[in-house]
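>>> Dropping the sequence and predicted coords here.
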Amino acid sequence: MSTFSAMTRPVQLTERINRIGPSATMAAVAEAEKLRQAGIDVVDMTAGEPHFTTPEHIKEAAIAAIRGNFSKYTAVGGTTELRTRSSSVTPPISARPTSARKRAPRWAASTRCLM
């Protein structure tokens, strides 16, 4: 077991906690930073914090959503409107027609999509 000092008393960590490996996301962040330091142009979509300024049209859409009181969490699979619109620009997985309700979810976090 590992120990570390939390405030003034040592804390014993269990073997189960000690078996937790490093975060795959943070390893990918470190790798992207290493490539960037080597002069390679990297689009890092790992930790959810893009390394570029938010495009103006995205800012305006966010402001409009807030003003329209569309500021609460939605279902994990996304709204019906989002699934309908995004499926119109992404190729279907099968030739069978489906309703927006059955279409593939669209995730907000890119890590979920990539891993």
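Structure received.
>>> show me where the chain has strands.
3-6, 9-12 (DSSP state E).
>>> Look up how far P22 lies from V29.
With distances taken as C-beta to C-beta, to the nearest Å, V29 is found 11 Å from P22. In this view, the C-beta of every residue, glycine as well, is placed from N, C-alpha and C.
>>> Then D44?
17 Å.
>>> do R83 as well
From R83 over to P22 (counting by C-beta to C-beta), the distance is 34 Å.
>>> more crowded one of the two?
R83 (21 against 8; other C-beta atoms under 10 Å).
>>> my guess is the more buried one meets A75, correct?
No: the criterion here is C-beta atoms under 8 Å, and R83 misses it with A75 at 9.9 Å.
>>> still on that earlier bit, go through the strands of the chain and find the least confident stretch.
Between the strands of the chain, the lowest average pLDDT goes to strand 3-6, which shows a mean of 54.
>>> Which residues belonging to stretch 26-35 are considered buried?
A28, A32 (16 or more other C-beta atoms under 10 Å).
>>> Average pLDDT for that stretch, rounded please.
Rounded mean pLDDT across stretch 26-35 is 90.
>>> again with stretch 79-86
79.
>>> Name the residues of it that are buried.
For stretch 79-86, the neighbour count (16+ other C-beta under 10 Å) marks L82, R83 as buried.
>>> tell me the domain boundaries of the chain?
As given by automatic domain parsing, the domain ranges for the chain are 23-72, 74-115.
>>> Show me the shaky parts of the chain.
1-7, 49-51, 87-115 (pLDDT under 70).
>>> For burial, what's the neighbour tally of L13?
12.
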